[in-house]
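>>> I need the structure of the sequence given here:
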Amino acid sequence: MGQITAEIVRKILFNIEYKPKICLETGTRNGSSAKVWAGFFDEVHTIEVRKSAYLKAKKSNSLKNIHFYLGDSSQVLSKLIKRFNHQPVLFYLDAHRKRNQGQYNGFPIWKELDAIKTRDFRDIVVVDDVHAFGRVSGKGWEGLTVETISDYLGDKVKDLKVIDDNCVVWI
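Numbering: from 1, shown residues only. Below you'll find the model as predicted:
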């Protein structure tokens, strides 16, 4: 649950007409997912809110195509997204269990999706932790379902599937 693997990435990218060259991940944690994405994309940009996790992941990484950012994912993503206004991006959203020094710091998924909705590209949006949608107590989880994600993105949705523990939306 919650761990991206090369097999899952191949399932997501299988049989699509286009393949984004950029992956933008929210929720770096220990950096293991970013390393998997790096094997499939020219650039991986990963955002982490917890300074200790950010520093540890950055220190343990030797791959040149991974770029690390410290900060609130909804804010950093909104700024970063402007850099990629010329091509499709795969967005891996996994910052929704956000705790910083024991304090709950919000549920950024809707703000992240707001930023993505402004784009006019054939992006791919992957939201991790489907097993927890609507089941985990805490602000934000109650209203999160595959259907609410689809409804939120509206007419932009070309296809939507659950692949392992990930809600995958092709825009």
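>>> And stretch 127-134, end to end?
14 Å (Cα to Cα, to the nearest Å).
>>> Any chance you could list what contacts that stretch?
Applying Cβ atoms under 8 Å, 6 or more residues apart in numbering, the contact partners of stretch 127-134 are 1-2, 4, 27, 92-94, 96-97, 109, 141-146, 149, 162, 165-167, 169. The C-beta positions use only the backbone N, C-alpha and C, and glycine is treated the same way.
>>> check contacts around the closest residue in space to residue 9 that isn't next to it in sequence.
Distance criterion Cβ to Cβ, 6 or more residues apart in numbering; nearest residue to residue 9, sequence neighbours excluded, is residue 40 at 5.3 Å. Contacts for residue 40 (Cβ under 8 Å, 6+ apart) come out as 6, 9, 13, 23.
>>> Distance check, residue 34 against residue 157.
Going from residue 34 to residue 157 by Cβ to Cβ, to the nearest Å gives 26 Å.
>>> More neighbours: the two, which one.
residue 34 (28 against 15; other Cβ atoms under 10 Å).
>>> Could you tell me whether that one really is in a helix?
Yes - using DSSP: H, G, I helix; E, B strand; the rest coil, the assignment for residue 34 is a helix.
>>> Make JSON lines out of the contacts of residue 40 and add distance to residue 51 and pLDDT.
What follows is the contacts of residue 40, written out as JSON lines (distance: Cβ to Cβ, whole Å; pLDDT from 0 to 100):
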{"residue": "6", "distance to residue 51": "29", "pLDDT": "96"}
{"residue": "9", "distance to residue 51": "28", "pLDDT": "96"}
{"residue": "13", "distance to residue 51": "32", "pLDDT": "94"}
{"residue": "23", "distance to residue 51": "23", "pLDDT": "98"}
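>>> Could you list which of those belong to strands?
If you go by DSSP state E, those have residue 23 in strands.
>>> Among the contacts of residue 40, which one sits closest to residue 53?
Using Cβ to Cβ, residue 23 comes nearest to residue 53 of those, at 18.4 Å.
>>> quick one on the thing from earlier: next, the residue nearest to residue 9: secondary structure please.
Look at residue 40: counting by three-state DSSP, its state is coil.
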